[in-house]
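K.L.:
What would the 3D arrangement of this be:
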Amino acid sequence: MEKLVSLCKRRGFIFQSSEIYGGINGFWDYGPLGVELKRNIRDAWWKAMVRDREDVVGLDASIIMHPRVWEASGHLTGFTDPMVDCKACKKRYRADQLCEELGITIETGSAEEHGFKLPPGTQCPACGSTDLTEPRDFNLMFKTFIGPVEDASSVAYLRPETAQAIFAQFNNVLSVSRQKVPFGIAQIGKAFRNEINPRNYTFRSREFEQMELEFFIKPGTDAEWHEYWVAERLRWYETIGLPSSSLHRDIHPKEKLAHYASACTDVAYEFPFGIQELEGIAARGNFDLSRHQEFSGKSMEYFDQETNEKYVPHVVEPSAGVDRIALALLCNAYAEEWVPTKDTGGEVLAADITASRPPEGYEMRTVMRFAPCIAPVKTAVFPLLKNKPELVAKAREVFEIAKACGPAFYDEGGAIGRRYRRQDEIGTPYGVTIDFDTLKDETVTLRDRDTMKQERVKIAELPALLK
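P.N.:
Now for the predicted structure:
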């Protein structure tokens with residue numbers, strides 16, 4: 001992770017938020033390459049979930065909603081984590097994470113509900129003090145105020161999830177989209193959770209982005225639709241370059257399900273810091289729509305013309321984190337390997353990073369093996385020499401062709417091998433080099449990132465090859 005974090009800052013994937021002021025814990029900024037990576041993830045998800053389907057439509061709801069939304073959803077009273085404070089050094093911990101770190105087994109959940117206590121003598125990991133508070137519930141929602149007066153009547157919250165806006169707008173979307181159950185409403189947007197202890201780089205942050213689908217179904221079809229969406233989501237991860245061998249299906253046992261859920265399966269990935277959740281797929285029954293019907297006084301019933309009956313639809317919710325998926329893709333793409341000193345497409349060897357030096361004729365290279373659909377830059381264009389105007393002019397022509405096929409980068413600085421390495425390190429799948437032969441026969445050298453093999457191709461063939 002240390003190597004990956006260093007690369008992400010050096011190459012412009014991820015920066016610490018407000019770094020010049022010392023940073024702020026749990027918040028991250030995405031640089032030029034990180035922005036493209038996240039956009040590619042969102043686009044791939046939206047295409048698979050909305051554009052390629054006839055039974056899903058989109059929504060883009062506001063971040064701040066009426067406080068009654070969170071009262072109805074249960075977030076005002078139930079969206080909590082048990083926290084523990086060290087009175088000596090003022091560090092704050094999530095009780096379950098603290099006990100996990102110290103090897104203590106406790107029952108997790110609501111501190112008030114379970115009434116668990118820390119064992120006597122439990123020490124703060126930071127300072128060793130035993131002067132710790134007992135676990136108590138801490139609401140994770142960020143509170144703010146609407147308007148000029150900060151009083152109880154103007155209290156509002158930054159949304160901790162994007163799903164509730166979908167439920168609140170169910171009737172409006174249904175009436176304008178001409179959809180019939182089963183159908184879905186999808187949304188991508190920011191969410192905010194005042195995490196007690198943000199950790200593992202960008203994995204657990206206080207500001208993050210979610211991609212959520214609420215798929216409304218007929219009561220009694222929950223199990224089949226839940227299994228359908230689990231399979232669909234697992235297939236999607238492979239299309240963006242996360243291999244099935246690194247993905248896990250974590251099925252929640254009945255005793256750990258929310259009281260309204262009939263099933264929940266997490267898609268988890270093998271991060272360097274452990275197997276962690278990327279996405280949860282839950283069969284939530286009709287809890288959310290029923291609660292909003294109760295609190296708003298507005299009917300959330302659906303009239304099924306085929307069966308001539310009314311019912312409050314049930315829902316299956318695949319909910320994924322953009323930032324977690326981005327981190328998984330970065331971890332999965334990172335590789336170190338021995339490559340021939342002369343970049344001529346020789347055999348690539350898996351790196352033994354414990355070796356004191358590489359094999360003779362080889363050097364170490366760092367490469368990000370992104371799937372081309374996810375890579376922030378698709379093609380890099382290089383004139384062999386920057387002090388030859390005729391090469392530069394032709395390279396700029398080729399660059400325009402490459403840009404029409406996707407994000408491209410033009411680089412004329414330094415030795416050609418060094419330029420290749422820079423592009424390897426940000427995961428650019430293809431490099432195109434313009435040399436003196438290009439001026440004679442309109443061919444260029446096309447280099448593959450993974451194999452480093454090079455071939456001569458006609459400039460006229462480039463658009464089809466790159467696409």
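K.L.:
mind listing what's buried in the helix ranked longest in the chain?
P.N.:
Secondary structure of the chain per DSSP state H: the longest helix is helix 222-239. Using 16 or more other CB atoms under 10 Å as the test for burial, helix 222-239 gives 222, 225-226, 228-230, 233-234, 236-237. Glycine gets a C-beta too; all of them are placed from N, C-alpha and C.
K.L.:
can you redo these as CSV with pLDDT?
P.N.:
Converted to CSV, the buried residues of helix 222-239 look like this (pLDDT from 0 to 100):
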residue, pLDDT
Asp222, 97
Trp225, 98
His226, 98
Tyr228, 98
Trp229, 98
Val230, 97
Arg233, 98
Leu234, 97
Trp236, 98
Tyr237, 98
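K.L.:
nearest to Ala191, of these?
P.N.:
Arg233 (18.9 Å; CB to CB).
K.L.:
Can I take it that Ile185 is in a helix?
P.N.:
No. Under DSSP: H, G, I helix; E, B strand; the rest coil, Ile185 sits outside any helix and is assigned strand.
K.L.:
Next up, the contacts around it.
P.N.:
56-59, 166, 169-170, 173, 213-214, 216 (CB atoms under 8 Å, 6 or more residues apart in numbering).
K.L.:
Kindly provide the distance from the residue nearest the centre of the chain to Pro376.
P.N.:
The chain has Val322 as the residue nearest its centroid, 2.3 Å off, counting by CA atoms, centre = their mean. Between Val322 and Pro376 the distance is 14 Å, computed by CB to CB, to the nearest Å.
K.L.:
next one: Val230
P.N.:
According to CB to CB, Val230 and Pro376 sit 29 Å apart.
K.L.:
And Asn171, by the same measure?
P.N.:
Applying CB to CB to Asn171 and Pro376 gives a distance of 40 Å.
K.L.:
what's in contact with the longest helix of the chain?
P.N.:
44-45, 48, 182, 213, 215, 217, 244, 247, 249, 262-263, 265, 267, 278-279, 281-283, 285, 314, 316, 318, 320, 371, 373.
K.L.:
Arg159 contacts Ile64, correct?
P.N.:
Yes. Under the contact definition of CB atoms under 8 Å, Arg159 touches Ile64, with a separation of 7.2 Å.
K.L.:
Who has more neighbours out of the two?
P.N.:
Arg159 (25 against 13; other CB atoms under 10 Å).
K.L.:
Spit out the contact partners of that one.
P.N.:
63-65, 165, 191-192.
K.L.:
Distance-wise, check the closest residue to Cys89 other than its chain neighbours relative to Met364.
P.N.:
Distance criterion CB to CB, 6 or more residues apart in numbering; nearest residue to Cys89, sequence neighbours excluded, is Cys127 at 4.1 Å. Relative to Met364, Cys127 is positioned 40 Å away (CB to CB).
K.L.:
same question, Asn139
P.N.:
Noted for Asn139: a distance of 49 Å to Met364, by CB to CB.
K.L.:
neighbour count winner among the two?
P.N.:
Per other CB under 10 Å, whichever of Asn139 and Met364 has more neighbours is Asn139, with 18 against 13.
K.L.:
hey, what's the more buried one bridged with?
P.N.:
With DSSP bridges as the criterion, Asn139 is bridged to Thr80.
K.L.:
Of the contacts of Arg159, which belong to helices?
P.N.:
Taking DSSP H, the ones among those that sit in helices are Ala165.
K.L.:
among the contacts of Arg159, which are in strands?
P.N.:
Using DSSP state E, 191-192 are the members of the contacts of Arg159 that sit in strands.
K.L.:
about what we covered before: CA atoms of the longest helix of the chain as CSV?
P.N.:
Output of helix 222-239 as CSV, limited to C-alpha atoms (Å, rounded to 0.1, in the frame of the first residue of the first chain):
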residue,chain,number,x,y,z
ASP,A,222,-37.4,-11.2,-3.7
ALA,A,223,-35.2,-14.3,-3.7
GLU,A,224,-35.0,-14.7,-7.5
TRP,A,225,-34.3,-11.1,-8.2
HIS,A,226,-31.7,-10.9,-5.4
GLU,A,227,-29.8,-13.8,-6.9
TYR,A,228,-30.2,-12.3,-10.4
TRP,A,229,-28.6,-9.0,-9.3
VAL,A,230,-25.8,-10.7,-7.4
ALA,A,231,-24.8,-12.6,-10.6
GLU,A,232,-25.1,-9.5,-12.7
ARG,A,233,-22.9,-7.4,-10.5
LEU,A,234,-20.2,-10.1,-10.2
ARG,A,235,-20.1,-10.2,-14.0
TRP,A,236,-19.8,-6.4,-14.2
TYR,A,237,-16.7,-6.4,-12.0
GLU,A,238,-14.9,-8.7,-14.4
THR,A,239,-15.7,-6.4,-17.4
